[in-house]
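J.: no sequence on hand, only this structure:
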């Protein structure tokens, strides 16, 4: 497929998602990590290319057709209060960043409010549902193997001595929850890097073949401005999400293992869990 599609007819989100889903299923069915990585990259290229095509179409669409506009959608990460949601939320946010979707998130990390065009949000949800299961399964296997148990980490201890409060660092064995969170954090970061790199390469290829008639650069800029304005007008979030920086100790061994798993991630599926709306953070 050429980097810039000249046909300006509206792109069917169902058809595009079906093509992306086929690539994800191919990634899931192979035991070869290089093939899995290639299929995932192809899925992301198609998602990015679809976004480019829609942006061009938005600049030329006839008045008789409905013009695509940004929308807000609630994405459930998990039930409020469930442990470990911050790494799940981090995975979704990194996928969203690579697909032109802005996000607000509840303080509990249970819900994400996604702002973007329908097809872009659809792509984020499809990728997230698949990659989440892969991340959880890989971290479960890592914890079960127990290779993190020989590692130690520093922990901040607070004690009251008389009328004084004293804080000091002590060395303790890496706990299972610490290893899991570090593994999943590194996994999500690697996925974000892979998708962002694919997006960048695809857009550069499209812009390299851009012409005044196609107007890809202008359409992409218009899309960016429209989404930015929509987000500022619609978002009611206050503050900054601190989930990704929550203290959980550090495990270099788990980080390396999570990064490796993220490099060779294969795609699965995962159901959504309903939950209540809570306080929003940017």
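T.: Structure received. Note that this is a predicted model, so its numbers are computed, not measured.
J.: most distant residue from the centre of this protein?
T.: Most distant residue from the mean C-alpha position of the chain: residue 162, 48.0 Å away (CA atoms, centre = their mean).
J.: residue ranges of the helices in the stretch 51-200 of the chain, please?
T.: 85-97, 118-145, 176-208 (DSSP state H, counting those that start in this stretch).
J.: looking at those, spot the one closest to residue 255.
T.: Residue 255 lies closest to helix 176-208 among those, at 4.4 Å (CB to CB). C-beta here means a position set from N, CA and C on the backbone, and glycine is covered the same way.
J.: next secondary structure after that closest one?
T.: Counting by DSSP states H and E, the element after helix 176-208 in chain order, helix or strand, is helix 216-234.
J.: packing partners of whichever helix or strand comes after that next one?
T.: Once the chain leaves helix 216-234, the next helix or strand it forms, by DSSP H and E, is helix 252-263. Under the contact criterion of 3 or more CB pairs under 8 Å, 6 or more residues apart in numbering; DSSP states H and E, helix 252-263 touches helix 118-145, helix 176-208.
J.: what's the spacing between the residue farthest from the centre of the chain and residue 134?
T.: To residue 134, residue 162 is 52 Å away according to CB to CB, to the nearest Å.
J.: other residues contacting stretch 150-169?
T.: With CB atoms under 8 Å, 6 or more residues apart in numbering as the test, stretch 150-169 has contacts from 170-174, 178-179, 247, 249-254.
J.: how does it look with 7 Å?
T.: By CB atoms under 7 Å, 6 or more residues apart in numbering, the surrounding residues in contact with stretch 150-169 are 170, 171, 172, 173, 174, 178, 249, 250, 251, 253.
J.: most neighbours, which of the residues you listed?
T.: residue 251 (24 neighbours; other CB atoms under 10 Å).
J.: which residue packs closest to it, ignoring adjacent ones?
T.: Closest residue to residue 251 apart from its sequence neighbours, by CB to CB, 6 or more residues apart in numbering: residue 182 at 4.3 Å.
J.: also residue 207?
T.: Counting by CB to CB, 6+ apart, residue 217 is the residue found nearest to residue 207 once chain neighbours are left out, at 5.8 Å.
J.: residue 27 now?
T.: residue 39 (3.7 Å).
J.: count the neighbours of that neighbour for me.
T.: Residues lying near residue 39 (other CB under 10 Å) number 22.
J.: swap in residue 229?
T.: The number of residues packed near residue 229 is 11, by other CB under 10 Å.
J.: swap in residue 79?
T.: 13.
J.: from residue 131, how far off is it?
T.: For residue 79 relative to residue 131 (CB to CB), the value is 20 Å.
J.: in the protein, where is pLDDT below threshold?
T.: For the chain, the stretches with pLDDT under 70 are 1-14, 52-67, 154-157, 168-170, 213-214, 243-248, 266-282.
J.: and the residue nearest the centre of it?
T.: By CA atoms, centre = their mean, the most central residue of the chain is residue 95, 2.1 Å off.
J.: who touches that residue in this structure?
T.: 124, 127, 128, 195.
J.: pick out the most distant pair among the residues you listed.
T.: Spanning the widest gap among those are 128 and 195, at 10.9 Å by CB to CB.
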